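Visitor: generate a structure from the sequence data that follows.
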Amino acid sequence: PDAFAADPERLARFEREAKTLASLNHPHIAAIYAVEKSAPSTGSGQAATTGSGQAPSTSSGQATGPKEGGRGDAPLPETKPLVWAPGKTKVLIIAGGSSHNFGQFFGTTDGATLSAAGFSVNYTEDRDQAVAEIGNADVAVVSVNRQFFDTPAYRKALFDFAAAGKGLVMLHNGTWYEFAEWPELNAKIVGGGARGHDRIAAFSVNAVQPAHPVMKGVPASFTVEDELYYLNAETEKVPQGTAAIVVLAETSPSVKFKKPHPAVWTTNHPTARIVGITLGHDQRVHDLDAFKTLLVNAVRWASGSKP
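Guide: Numbering: from 1, shown residues only. Model prediction:
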């Protein structure tokens, strides 16, 4: 309104609030890209330019954009050459993006956990390096939400990896409906996904199939302080054709839905061995012995070895 546009205090407040909103990055919040003054011919005033919050895409629905990602994503760390130890099961951790300290928890902590278990482990947040190296790995642990990561080359490399009968562990935000233009990832690899979660709080994880190799040595019930993901919470919103899953462990009831949700599962796939784990926001999970055992078991099982 003209009255607001002529008020310096209101304009200053508008700009402050726009900058605050611009710092948010969530698929359900419209992205603000700029605050612009209108041209004199259209009247005085300012407006916030918004977008959908999703990656720009080509006409074929394939994401495009810089490998550094977009607003809200953490800086892309230096890409270093990967070295595989001979004679060991090779595990590539693919992670990075926003809202998590990926390098510390998924790279350093999980990398150390898997290395101590006898695996050869490498970590990358570079989509091009992931494409180049995934074929050399036996198992990929995927927990990435960096914008523009799902290039045509990465999509093909991941699906070729699965088709070759390799192992996949979809970890934490790797189980989210993250890439809107790539629904096949959730349908064929994850076996659904999460679209929301409770605030970080303590909840229990309870074994449903304690005899499964992935659950070997994992307590029948243990407590985590984490985001409780609503995996496949609303069955009517799970797209038709989504692969079936076998639930190995579930959460205690969520605050929102008042019912348990899958926490650990395997996804039915014609060739690949796939494990999904919703846990893992920060050190409160990654440092937990039960989680470490679960992660090692998942990687072993996905590789075709017996935990």
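
Visitor: just give the nearest non-adjacent residue to the residue positioned nearest the centre of the chain, would you?
Guide: With distances taken as CA atoms, centre = their mean, the chain has residue 173 as the residue nearest its mean C-alpha position (2.5 Å). Spatial nearest neighbour of residue 173, chain neighbours left out: residue 145 (4.9 Å); criterion: CB to CB, 6 or more residues apart in numbering. Where you see a C-beta, it was placed from the backbone N, CA and C, and this is true even at glycine.

Visitor: go on, residue 79?
Guide: Looking at residue 79 with CB to CB, 6+ apart, the closest residue is residue 126, at 4.4 Å.

Visitor: the one you found contacts residue 78, doesn't it?
Guide: No: Residue 126 is beyond contact range of residue 78, at 9.2 Å (criterion: CB atoms under 8 Å).

Visitor: look at these two and report which has more neighbours.
Guide: With neighbours defined as other CB atoms under 10 Å, residue 126 and residue 78 compare such that residue 126 has more, 20 against 7.

Visitor: contacting residues for that one?
Guide: 67, 76, 79 (CB atoms under 8 Å, 6 or more residues apart in numbering).

Visitor: from residue 190, how far off is the second one?
Guide: Right, residue 76. 24 Å (CB to CB, to the nearest Å).

Visitor: looking at these two, which has the bigger crowd around it?
Guide: Between residue 76 and residue 190, counting by other CB under 10 Å, residue 190 is the more crowded of the two (26 against 16).

Visitor: so who does the more buried one touch?
Guide: Contacts of residue 190 (CB under 8 Å, 6+ apart): 170, 174-175, 267, 276.

Visitor: what's the answer for residue 167, then?
Guide: By CB under 8 Å, 6+ apart, the neighbours of residue 167 are 138-140, 272-275, 299, 301-304.

Visitor: one more time with 6 Å
Guide: 139, 273, 302-303 (CB atoms under 6 Å, 6 or more residues apart in numbering).

Visitor: just to revisit the earlier point, and the residue nearest to the centre of the chain, how far from residue 138?
Guide: 23 Å.

Visitor: do residue 210 as well
Guide: 26 Å.

Visitor: more neighbours: these two, which one.
Guide: residue 138 (20 against 14).

Visitor: need phi/psi at that one.
Guide: Main-chain dihedrals, residue 138, degrees, to the nearest 10: phi -90, psi -30.

Visitor: now swap in the one 3 residues further on and tell me
Guide: In terms of degrees, to the nearest 10, the main-chain angles of residue 141 are phi -100, psi 120.

Visitor: now swap in the one 3 residues further on and tell me
Guide: Backbone dihedrals for residue 144, given as degrees, to the nearest 10, come out at phi -130, psi 140.

Visitor: my read: it touches residue 99, true?
Guide: No: using CB atoms under 6 Å, residue 144 is not in contact with residue 99, being 11.8 Å away.

Visitor: neighbour count: the two, which is higher?
Guide: Neighbours were counted for residue 144 and for residue 99 using other CB under 10 Å; residue 144 has more, 24 against 14.

Visitor: in the sheet, who's paired with that one?
Guide: Note on residue 144: beta-bridge partners by DSSP bridges are residue 96.

Visitor: from residue 209, how far off is it?
Guide: In terms of CB to CB, residue 144 sits 28 Å off from residue 209.

Visitor: no more questions from me, cheers.
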